[in-house]
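Chemist: kindly generate the corresponding structure for this input.
(chains A and B)
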Amino acid sequence: MIDEHLIACHECDLLLRPPQLEPGGVARCPRCNATLFAAPQNSQERTLAFTLGATILFLLANFFPIMGLQIGGTEITCTLTGAALELYNDGMHTLGILVMITTVIVPATQLLIMLYMLLPLSLGIMPPRVPDLLRMLQLLRPWSMVEVFMLGILVSLTKLAAMATVIPGIALWSFALLMLLMTAAFSVFDARQIWRQLPVEGR
Amino acid sequence: MKPHPASAAAQGLLNCHSCGLLSKNVPNASDRCPRCGTHLHMRKPNSLTRTWALLIAAFILYIPANLLPVMHTASIIYEEDDTIMSGVIYLWTSGSWPLAILVFCASVTVPLAKLIALTILAITAQRKSTWRQQERTKLYRMVEFVGRWSMLDIFVVALMVGLVHFQSLATISAGPGALAFASVVVITMFAAMSFDPRLIWDPEPKDDD
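Modeler: Here you go, the predicted structure:
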């Protein structure tokens, strides 16, 4: 465990003495008001719980149809991956890949990284390559668009309702819950706590 | 007492952008953080040049993104090309005006506002301006936060294409505008990431008193 006498704000580079936080408190930069770090209560346990829940919902959201269309007697359903594949086969390769990355691959990677780190950590073991994974998690964050996708579903439902009867699928509800749980997991996740458990090479 | 709050850089300290550990400034370019092994940089390398390049590309792509059709609907009775704007108008006239406003904000206003905001940030940072530093940092934070929401329309197109593929009744396919639009979103996200908000605070405040 390292005692950090000084830290610098990541947004304005102001040199600061890290404030002691009450559990549940948030430290902000006095100059630019950036969130420096937070100390959520029982961060690790709560993050792990939310992540496990999100993983189950993620599987449901990807294997069940998002919605179905009924025209006359025929019913057509589509899964998320199916929609991305359809774009791809339609000649829109880049778009299909982009949709796949932002709604399936990135969220899946985020969940896997979290599980890989948090399960051993909950037993007091530091798994290998944690620095790389934490960095990756930071990098991936803007590219996970589960909540945007949820809104996209709402808009398409409205547009399609004019053409045919739309039946919401299991994946739709799973997606809505997944969005909530992933947001919750990231808001209680405290990367700083893990960073501080890592050794510093002497200089 | 110091007259001005000191930045880490002014004290010869480097802040690791991954783990937040401060280390002593070593001019070696290959220097790595002693805790997490990330390459250390005083500021993001070539931050402004990269931001400018990406911004210009996004400005150019913004035009086809709004003019070209993003979606093509064809059925036995009619055939139709939809641009972003006509999609908004359709939602509005069909009575779902909250969604119309939402899509309009996410696909038309937000990308343009983001381009303008980033341009302002890049210009002021380049001129080493000390003008409204706090507000500019807030602006940067907003640009970063709001960027992903412009993907909304791309997801709508994807879902509609994926769902509506009855061979005889109707087909929906993505138009070239969708690709341009997605590129604008992705490129502006990269532009926001390459901008270093610390550049806003680097110029020393002027002593007026």
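
Chemist: hey, where'd the strands end up in the chain?
Modeler: Picked chain A for this. Assigned by DSSP state E, chain A shows strands spanning A:7-8, A:15-16, A:26-28, A:35-38, A:67-71, A:74-78, A:165-168.

Chemist: look at chain B instead
Modeler: B:13-15, B:22-24, B:71-75, B:79-82, B:165-166, B:170-174.

Chemist: poorly predicted segments of chain A, please.
Modeler: A:1-4, A:202-203 (pLDDT under 70).

Chemist: 50 - rerun?
Modeler: A:1, A:203 (pLDDT under 50).

Chemist: can you name every helix or strand that the biggest helix by length in chain A contacts?
Modeler: In chain A, with assignment by DSSP state H, the single longest helix is helix A:43-63. The contact analysis (3 or more CB pairs under 8 Å, 6 or more residues apart in numbering or on different chains; DSSP states H and E) places helix A:43-63 against helix A:80-89, helix A:106-122, helix A:170-188. Where you see a C-beta, it was placed from the backbone N, CA and C, and this is true even at glycine.

Chemist: touching, B:Trp149 and B:Ser107? I think so.
Modeler: No: at 9.1 Å, B:Trp149 does not count as touching B:Ser107 under the criterion of CB atoms under 8 Å.

Chemist: those two: which is more packed in?
Modeler: Per other CB atoms under 10 Å in any protein chain shown, whichever of B:Trp149 and B:Ser107 has more neighbours is B:Ser107, with 27 against 18.

Chemist: report the contact partners of that one.
Modeler: B:84, B:88, B:150, B:152-153, B:181 (CB atoms under 8 Å, 6 or more residues apart in numbering or on different chains).

Chemist: can you do 7 Å?
Modeler: B:84, B:150, B:152-153 (CB atoms under 7 Å, 6 or more residues apart in numbering or on different chains).

Chemist: the longest helix of chain A to helix A:106-122, inter-axis angle?
Modeler: Relative orientation of helix A:43-63 and helix A:106-122, computed by axes from the mean of the first three to the mean of the last three CA atoms, to 10 degrees: 150 degrees.

Chemist: out of the strands of chain B, which is closest to A:Gly91?
Modeler: Closest to A:Gly91 of the strands of chain B, according to CB to CB: strand B:170-174, at 8.0 Å.

Chemist: for chain B, name the helix or strand with the lowest mean pLDDT.
Modeler: Every helix and strand of chain B was ranked by mean pLDDT, DSSP states H and E. The lowest is strand B:165-166, at a mean of 63.

Chemist: could you dump the strands of chain A to TSV with mean neighbour count and distance to chain B?
Modeler: Shown next, in TSV, are these (neighbours: other CB atoms under 10 Å in any protein chain shown; distance: least, CB to the nearest CB, whole Å):
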stretch	mean neighbour count	distance to chain B
strand A:7-8	24	4
strand A:15-16	18	5
strand A:26-28	15	12
strand A:35-38	18	8
strand A:67-71	17	6
strand A:74-78	16	5
strand A:165-168	14	9
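
Chemist: redo those strands as TSV? Include distance to B:Ala117.
Modeler: Output for the strands of chain A, formatted as TSV (distance: least, CB to CB, whole Å):
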stretch	distance to B:Ala117
strand A:7-8	25
strand A:15-16	27
strand A:26-28	22
strand A:35-38	20
strand A:67-71	35
strand A:74-78	36
strand A:165-168	37
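
Chemist: and A:Thr79, how many residues sit next to it?
Modeler: Around A:Thr79 there are 18 residues (other CB under 10 Å).

Chemist: what's the closest non-adjacent residue to it?
Modeler: Spatially, and ignoring its direct neighbours in sequence, A:Thr79 is nearest to A:Pro65 (5.4 Å; CB to CB, 6 or more residues apart in numbering or on different chains).

Chemist: show me what contacts the one you found?
Modeler: A:77-79, A:169, A:171.

Chemist: swap in A:Glu75?
Modeler: A:Gly68.

Chemist: run through chain B and note the low-pLDDT ranges.
Modeler: B:1-3, B:207-209.

Chemist: show me where it has its helices.
Modeler: Counting by DSSP H, the helices of chain B are B:47-67, B:84-93, B:97-104, B:110-126, B:133-146, B:152-163, B:176-194, B:198-201.

Chemist: out of the ones you listed, which gets nearest to A:Val188?
Modeler: helix B:133-146 (19.0 Å).

Chemist: just the CA coordinates for the closest one, please, in PDB.
Modeler: Output of helix B:133-146 as PDB, limited to C-alpha atoms (Å, rounded to 0.1, in the frame of the first residue of the first chain):
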ATOM      1  CA  GLN B 133     -10.700  28.500 -17.800                       C
ATOM      2  CA  GLN B 134     -13.300  27.000 -15.500                       C
ATOM      3  CA  GLU B 135     -16.100  27.300 -18.100                       C
ATOM      4  CA  ARG B 136     -13.800  25.900 -20.800                       C
ATOM      5  CA  THR B 137     -13.000  22.800 -18.700                       C
ATOM      6  CA  LYS B 138     -16.700  22.400 -18.100                       C
ATOM      7  CA  LEU B 139     -17.300  22.600 -21.800                       C
ATOM      8  CA  TYR B 140     -14.700  19.900 -22.400                       C
ATOM      9  CA  ARG B 141     -16.300  17.700 -19.900                       C
ATOM     10  CA  MET B 142     -19.700  18.100 -21.600                       C
ATOM     11  CA  VAL B 143     -18.200  17.300 -25.000                       C
ATOM     12  CA  GLU B 144     -16.700  14.100 -23.700                       C
ATOM     13  CA  PHE B 145     -20.000  13.100 -22.000                       C
ATOM     14  CA  VAL B 146     -22.400  13.800 -24.800                       C
END
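
Chemist: ok, it near chain A or not?
Modeler: Yes: for helix B:133-146, a contact with chain A is found by CB under 7 Å from any CB of the partner chain, at B:134, B:137.

Chemist: brilliant, that's me finished.
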